[in-house]
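[1] Sequence below, structure please.
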Amino acid sequence: MTRKNTHASADNRKGENRMGTVNLRAVVLEMLLIMEQEQQYANRVLKATLDKYDYLAMQDKAFMKRLFEGCIERRLQLDYVINCFAKTKTSKMKPVILEVLRMGTYQILYMDAIPDSAACDESVKLIIKRGFSGLKGFVNGVLRTIAREKMSIVWPDEKKDPVYAMSVRYSMPEWIVSLFIKERGMDRTGQMLAAFLQEQPVTVRMDENLSGSRAEQLLQEVRDAGIRIEAHPCLSYAYRVKNLSGLHRLPGFSEGLFQVQDVSSMLVSEIAGIKAGMTVIDVCAAPGGKSLHAACKLNKTGLVSARDLTPEKTELIRQNVERSGYHNIEILEQDARVLRTEDVERADIVYVDAPCSGLGIMGKKCDIRYHMSEEQMQEITALQREILKTAVRYVRPGGILIYSTCTIHRAENEEQVRFIEELGFKQEKILEALPAQAAGIFAEELQDDRNSGCLQLLPGVHETDGFFMAKLRRTN
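    Predicted coordinates for the structure are as follows:
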C-alpha cells in the first residue's frame with residue numbers, strides 16, 4: 001500500500017473559532033452520508049463544506065479534505081479490510097456504521113500522524129453521538145483489531161486473480177481494471193491506477209500576455225503569500241501550486257492573471273494554431289478554460305464563441321470571462337447537438353471537448369469510478385457522435401477541428417477520430433504545432449504517421465491528467 005501522510009494532530013482535530021468547537025470528523029461523516037444518500041458528486045459536497053467552514057485553520061480544512069477524499073478513493077480497499085475483520089459484512093451494515101468504520105480504517109492505514117488509539121476512540125464517539133451506543137463495542141472491536149493486525153492483512157493473490165487483486169490494491173472497480181488492461185496492458189494499467197491515488201497538485205495557467213517583469217513580480221507575490229509554486233516542465237506559462245487553502249487567496253487570481261487549468265487542456269490551444277483575427281467556436285465550453293486560453297492567444301483580436309447547454313454552465317463561463325478581462329468572447333446557451341445555421345462554415349477553429357466518461361481524471365474526481373458504468377459509456381459515445389455531426393458543419397473549408405476528452409477509453413477517443421475522418425476531415429500533425437519543450441516531451445507519442453494528429457496522455461506516464469486530443473483539418 002502507498003501511504004499518504006496527512007498533517008493532523010493526535011486528537012480529533014477540533015477547530016476552535018468564535019462560533020464554538022467544530023468536530024472535524026463529524027463534519028466529514030456528514031459529508032460522506034450526504035454524498036451517498038443524496039447521490040451528490042464528491043467535489044460539490046466538498047466545495048460546499050469548505051466554503052461553509054472557510055474560517056477554520058488551513059490544516060483543519062486540509063484534514064477534512066484528506067479524510068473525505070481518502071475514504072472515497074480508497075472505498076473498495078477499505079471495505080475489503082473491514083470485511084477481513086468484521087463478522088457483519090459491509091453490505092449488511094447501516095450507512096452510519098459503515099462510513100464511521102471506513103473513516104477509522106482510513107486513519108489507521110493512511111494517516112500516520114494520528115495514533116491508532118485516537119482513530120478508534122473518536123470513531124466510537126461518533127457512533128454514540130449518532131445514537132448507536134449499542135454498536136460502540138462492535139465498532140471499537142473491529143477498528144482495534146485492524147490496528148493490531150494491519151501489518152499482516154492478507155491481500156488478494158495477483159497471480160491467481162490479477163484483476164481482483166488490482167481492484168482491491170488500487171480501489172478501482174473490476175470492470176475498469178479489465179478495460180484498462182485490455183487497452184493498455186498490465187504494466188501501463190498499474191502505472192495509471194497508482195497515479196490516481198497520488199496527491200493531485202493544482203495546476204494554473206498564467207496569462208501569457210503579461211510582460212516578463214510583471215510575471216516575475218506576480219510569482220514573487222505568490223511566494224510571499226506562503227504558497228509553493230513551481231514551473232511545469234511542459235509549458236512556460238504553466239505552474240503547479242501547493243499550500244493553497246482557497247483560490248481566492250492566490251495573488252492575481254481575482255484579477256484573472258491565473259486560471260485553473262490542467263496542462264493537458266492547455267495543449268489544446270497550443271496545437272490549434274490560433275492566429276490573430278480568427279474565429280473560434282467552443283461547443284462544450286464550461287467552465288471556460290479552453291475558451292479563455294483561445295481568447296488569450298488571440299490577444300484581444302478575433303472572436304471566441306463559448307457555448308454550453310444550461311444556464312448554470314454558461315454562468316460559470318461568464319464568471320471566468322469577467323474575471324479574465326478578455327472581452328473577445330461571446331457566451332451562448334446552446335445545445336451542441338442542435339445546428340445553429342448562422343454559424344455554418346463560420347469558424348476557423350472548432351473545439352469539441354466532448355462529454356465523456358472522465359476515466360482520465362479519477363485522481364481529481366475520485367467518485368467517477370463509482371458513478372460510471374459500461375452502459376453509460378455506450379450512451380456517451382453515441383452522444384459524442386451526435387455532437388460531432390453538428391460541430392463539423394461550423395468548420396470552414398480548410399479549417400481545423402480539435403476533438404478532446406478527459407478519458408482513456410479508445411471508443412471515446414481513437415474510434416471517434418475515425419468517425420470524424422469519415423465526415424471529410426484528415427489528421428493534421430500535432431508535433432510541429434507544439435512549443436519546443438512540449439514537443440520534446442511528447443515526440444515519441446507522435447512519431448506514428450498514421451496517428452500523428454492524435455495525442456493520448458496518461459496519468460503516471462505524463463505529468464498531466466489522462467487526456468486525449470486530436471487535430472483534424474476539413475478537406476472537402
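[2] where do the strands sit along the stretch 151-300 of the chain?
    202-206, 228-231, 238-242, 258-260, 279-282 (DSSP state E, counting those that start in this stretch).
[3] Of those, flag the one that's most buried.
    strand 279-282 (a mean of 26; mean count of other Cβ atoms under 10 Å). In this view, the C-beta of every residue, glycine as well, is placed from N, C-alpha and C.
[4] and that strand, what does it pack onto?
    helix 289-298, strand 303-308, strand 347-353 (3 or more Cβ pairs under 8 Å, 6 or more residues apart in numbering; DSSP states H and E).
[5] same question for that strand, mean pLDDT?
    In this model, strand 279-282 has a mean pLDDT of 98.
[6] same deal with stretch 428-441?
    Mean predicted confidence for stretch 428-441 is 91.
[7] Could I get the helices and strands packed on strand 279-282 in TSV, plus columns for mean pLDDT and distance to residue 245?
    Listed next are the helices and strands packed on strand 279-282 as TSV, based on pLDDT from 0 to 100; distance: least, Cβ to Cβ, whole Å:
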stretch	mean pLDDT	distance to residue 245
helix 289-298	97	22
strand 303-308	98	29
strand 347-353	98	29
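[8] Nearest to residue 278, out of the ones you listed?
    Residue 278 lies closest to strand 347-353 among these, at 4.2 Å (Cβ to Cβ).
[9] Report the inter-axis angle for that closest one versus strand 303-308.
    Interaxial angle of strand 347-353 relative to strand 303-308 (axes from the mean of the first three to the mean of the last three Cα atoms, to 10 degrees): 30 degrees.
[10] Which positions within strand 347-353 qualify as buried?
    Neighbour counts using 16 or more other Cβ atoms under 10 Å place 347-353 of strand 347-353 among the buried residues.
[11] For residue 121, which of the helices and strands packed on strand 279-282 is the nearest?
    helix 289-298 (44.4 Å).
[12] how about the CA coordinates for that closest one, as CSV?
    Extracted C-alpha coordinates of helix 289-298, given in CSV (Å, rounded to 0.1, in the frame of the first residue of the first chain):
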residue,chain,number,x,y,z
GLY,A,289,-10.8,27.2,-19.6
LYS,A,290,-10.1,26.4,-23.2
SER,A,291,-12.2,29.4,-24.4
LEU,A,292,-10.3,31.8,-22.2
HIS,A,293,-7.0,30.3,-23.4
ALA,A,294,-8.1,30.8,-27.0
ALA,A,295,-9.0,34.4,-26.2
CYS,A,296,-5.6,34.9,-24.6
LYS,A,297,-3.9,33.5,-27.8
LEU,A,298,-6.0,35.9,-29.9
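[13] between the buried residues of strand 347-353, which is nearest residue 81?
    residue 353 (38.4 Å).
[14] Please verify my assumption that that closest one contacts residue 290.
    Yes. Assessed by Cβ atoms under 8 Å, residue 353 is found in contact with residue 290 at 6.1 Å.
[15] Now for these two: what residues contact both?
    Residues touching both residue 353 and residue 290 (Cβ atoms under 8 Å, 6 or more residues apart in numbering): 265, 268, 282.
[16] need those in TSV with distance to residue 48, can you?
    Output for the shared contacts of residue 353 and residue 290, formatted as TSV (distance: Cβ to Cβ, whole Å):
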residue	distance to residue 48
265	25
268	30
282	28
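[17] Show me how far the helix or strand containing residue 377 is from its chain's centre.
    Following DSSP states H and E, one finds residue 377 within helix 374-391. Per Cα atoms, centre = their mean, to the nearest Å, the displacement of helix 374-391 from the mean C-alpha position of its chain is 21 Å.
[18] Who are the packing partners of it?
    strand 347-353, strand 395-405, helix 414-422.
[19] Most tightly packed of those?
    strand 347-353 (a mean of 25).
[20] Sheet partners, orientation included, of that strand?
    With DSSP bridges as the test, strand 347-353 is paired with strand 279-282 (parallel), strand 395-405 (parallel).
[21] CA-only coordinates of the last one in PDB, if you can.
    Yep, that's strand 395-405 we're talking about. The C-alpha trace of strand 395-405 is given here as PDB (Å, rounded to 0.1, in the frame of the first residue of the first chain):
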ATOM      1  CA  VAL A 395     -15.700  24.500 -39.700                       C
ATOM      2  CA  ARG A 396     -14.900  26.500 -42.800                       C
ATOM      3  CA  PRO A 397     -13.300  24.600 -45.700                       C
ATOM      4  CA  GLY A 398      -9.600  24.200 -44.800                       C
ATOM      5  CA  GLY A 399     -10.400  25.000 -41.100                       C
ATOM      6  CA  ILE A 400      -9.500  23.000 -38.000                       C
ATOM      7  CA  LEU A 401     -11.500  20.800 -35.600                       C
ATOM      8  CA  ILE A 402      -9.900  19.900 -32.300                       C
ATOM      9  CA  TYR A 403     -11.600  17.000 -30.600                       C
ATOM     10  CA  SER A 404     -10.700  16.300 -27.000                       C
ATOM     11  CA  THR A 405     -11.800  14.300 -23.900                       C
END
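[22] Can you check what angle separates that strand from helix 289-298?
    Using the same axes, to 10 degrees: strand 395-405 against helix 289-298 is 130 degrees.
[23] What average pLDDT does strand 395-405 get?
    Taken as a whole, strand 395-405 has a mean pLDDT of 98.
[24] can you tell which of the helices and strands packed on strand 279-282 is closest to residue 110?
    Comparing the helices and strands packed on strand 279-282 by Cβ to Cβ, helix 289-298 comes nearest, at 31.4 Å.
[25] out of the strands paired with strand 347-353, nearest to residue 109?
    Among these, strand 395-405 sits nearest to residue 109 (Cβ to Cβ), with 33.5 Å.
[26] who's in contact with whichever helix or strand residue 332 is part of?
    Using DSSP H and E, residue 332 sits within strand 329-333. Residues external to strand 329-333 that are found in contact with it (Cβ under 8 Å, 6+ apart): 291-292, 295, 303-311, 314, 317-318, 321, 340.
[27] can we see that at 7 Å?
    291, 295, 303-307, 311, 314, 317-318, 321 (Cβ atoms under 7 Å, 6 or more residues apart in numbering).
[28] With respect to residue 131, which of the residues you listed is nearest?
    Looking across these and measuring by Cβ to Cβ, the closest to residue 131 is residue 311, at 41.1 Å.
[29] residues touching residue 225, list them.
    249, 251.
[30] Next: residue 265.
    By Cβ under 7 Å, 6+ apart, the contact set of residue 265 is 289-290.
[31] just the one 3 residues further on next, same as before
    Under the criterion of Cβ under 7 Å, 6+ apart, the neighbours of residue 268 are 290, 351, 402, 404, 469.
[32] pretty sure residue 386 is in contact with residue 337, am I right?
    Yes. Between residue 386 and residue 337 there is a contact at 4.6 Å, judged by Cβ atoms under 7 Å.
[33] Tell me the buried residues in stretch 232-248?
    For stretch 232-248, by 16+ other Cβ under 10 Å, it's 232, 234-235, 237-241, 244-245.
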